[in-house]
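Peer 1: Pasting the sequence and the predicted coordinates here, then a few questions.
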Amino acid sequence: MQLKHTLIVALGTVTAVLGSIVGTSVPAMAEDKLIQIDGSSTVFPITEAVAEEFQKAKKGAVKVTVGISGTGGGFKKFCRGETDISDASRPILKKEMEDCKKAGVDYYELPVAYDAITVMVNPKNDWIKSMTVAELKTIWAPEAQGKITKWNQVNPKWPDTPLKLYGAGADSGTFDYFTEAVVGKSKSSRGDFTASEDDNVLVQGIANDKNALGYFGFAYYIENSHKLKAVAIDVGKGPVMPSAQAVENGTYQPLSRPIFIYVNKKSAAKPEVKEFVEYYLKNAAPLVKEVKYVPLPANAYTMALGHFQKGKTGTVFGGEAEVGIKIEDLLKREAKL
């Protein structure tokens, strides 16, 4: 092994010297091309599926790493120029836009799917089938901390048993969106609950606790529907269960939302990153469906691909959390970019 290593180093040195003699750049050794992605745990299953298929297609010539640090955590890395692509379960916020600008990071905002944030209880819970947004606010508002600790404090018809809460961590875009939709202000939430950017941690917590209630992305619910029970949401027009159909027709409100990838413009100049993003948008629909999210209409992916190829950077959002954006609303904004 030592001899082999010595020969490789020597060969690299000779190659480099030869390159300088002839006045050309000759690489010492061919290296695997690397694409670094981080961010949302919600978007992770889609990006992971695309990455696996892309790497197969490239026969190992390109390596794609996909991390999970939450949407906010992902943007911190992205706006420092540490990653090529950031998975995001909400649009970029003003502070993140400013951080990217300061660091000279220009970006493409590409919607890839729709999600239905799902509220869940343990299957042994026999008193909940649906909840109003007002009841969810009673549970999750900051003033509920240390005070709303039993189910019957939310609704007197419910039992006098402990209320155990599980939800997204503060670096999660799901946390931002849920608090905006339910409490009325992004990041405004009680703090006395089990929080994690890793949805699998929340799955286990709810599945093992009869008195649990929690929320996270639709795909993780579907994947674990045998050990979780979804709750229908009532905004005054009757209870609506989370489903692809309810997202598509706009009736699952206010917890339907678009989810995105953000691509560093400088990174996109690299052939492997450009090819990956184009592969993502051309193959997203079946892979989104496979991992149990809601695909966008075909023209949405075509539009996003066109924006990417024409160099249209920036966001169609104003840097603020927005709730209740239906698919057709998103398409109208994208068409104006």
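Peer 2: Looks like it came in fine.

Peer 1: residues contacting the closest residue to Ile325 other than its chain neighbours?
Peer 2: Among residues not flanking Ile325 along the chain, Pro258 sits closest, at 6.4 Å (Cβ to Cβ, 6 or more residues apart in numbering). Where you see a C-beta, it was placed from the backbone N, CA and C, and this is true even at glycine. Neighbouring residues of Pro258 by Cβ atoms under 8 Å, 6 or more residues apart in numbering: Pro91, Pro111, Ala113, Tyr114, Asp115, Ile325, Ile327, Leu330.

Peer 1: I'd say Phe78 and Asp99 touch.
Peer 2: No - counting by Cβ atoms under 8 Å, Phe78 stays clear of Asp99, with 9.0 Å between them.

Peer 1: who's more crowded, these two?
Peer 2: Per other Cβ atoms under 10 Å, whichever of Phe78 and Asp99 has more neighbours is Phe78, with 30 against 17.

Peer 1: The more buried one and Phe317: what is the separation?
Peer 2: As judged by Cβ to Cβ, to the nearest Å, Phe78 and Phe317 stand 16 Å apart.

Peer 1: Please apply the same query to Gly214.
Peer 2: Relative to Phe317, Gly214 is positioned 27 Å away (Cβ to Cβ).

Peer 1: Compare those two (neighbour count), which wins?
Peer 2: A count of neighbours by other Cβ under 10 Å puts Gly214 above the other of Gly214 and Phe317, at 26 against 20.

Peer 1: Look at that one and tell me its secondary structure.
Peer 2: With DSSP: H, G, I helix; E, B strand; the rest coil as the basis, Gly214 sits in strand.

Peer 1: Going by secondary structure, the nearest residue to it once chain neighbours are set aside is in what exactly?
Peer 2: Excluding the flanking residues, the one nearest Gly214 by Cβ to Cβ, 6+ apart is Tyr166, at 3.2 Å. Tyr166 is part of strand 164-168 when elements are defined by DSSP states H and E.

Peer 1: Show me what secondary structure element comes after that strand.
Peer 2: Taking DSSP H and E, what comes next after strand 164-168 is helix 173-182.

Peer 1: helices or strands up against the helix or strand just after that following helix?
Peer 2: Next along the chain after helix 173-182, taking DSSP H and E as the criterion, comes strand 194-196. Packing partners of strand 194-196 (3 or more Cβ pairs under 8 Å, 6 or more residues apart in numbering; DSSP states H and E): strand 164-168, helix 199-207.

Peer 1: Please identify the buried residues of the last one?
Peer 2: Pointing back at helix 199-207 there. Asp199, Leu202, Val203, Gln204, Gly205, Ile206, Ala207 (16 or more other Cβ atoms under 10 Å).

Peer 1: In these, find the pair that's most separated.
Peer 2: Asp199 and Ala207 (12.1 Å; Cβ to Cβ).

Peer 1: what about the strands in the protein?
Peer 2: Here the chain has its strands, by DSSP state E, at 33-39, 62-66, 85-88, 107-116, 118-121, 130-132, 164-168, 194-196, 212-216, 229-230, 232-234, 239-240, 256-264.

Peer 1: can you give me the angle the first one makes with helix 173-182?
Peer 2: Spelled out, it's strand 33-39. Angle, strand 33-39 to helix 173-182, by axes from the mean of the first three to the mean of the last three Cα atoms, to 10 degrees: 30 degrees.

Peer 1: Distance from the chain centre to strand 33-39, please.
Peer 2: The chain centre lies 15 Å from the centre of strand 33-39; the measure is Cα atoms, centre = their mean, to the nearest Å.

Peer 1: So what touches it?
Peer 2: 47, 51, 61-71, 73-75, 77-78, 82-88, 261, 267, 270, 272-273, 276.

Peer 1: ditto for the second one
Peer 2: When contacts are defined by Cβ under 8 Å, 6+ apart, strand 62-66 is touched by residues 32-38, 44, 47-48, 51, 54-55, 87, 272, 275-276.

Peer 1: Now that strand: buried residues?
Peer 2: Neighbour-count burial for strand 62-66 flags Val62, Val64, Val66 (criterion: 16+ other Cβ under 10 Å).

Peer 1: Excluding residues flanking it in the chain, which one is nearest the second one?
Peer 2: Closest residue to Val64 apart from its sequence neighbours, by Cβ to Cβ, 6+ apart: Ala51 at 3.9 Å.

Peer 1: Count the residues that sit near the closest residue to Tyr221 other than its chain neighbours.
Peer 2: Sequence neighbours aside, Thr118 is the residue nearest to Tyr221 in space, at 4.2 Å (criterion: Cβ to Cβ, 6+ apart). Per other Cβ under 10 Å, the neighbour tally for Thr118 reads 24.
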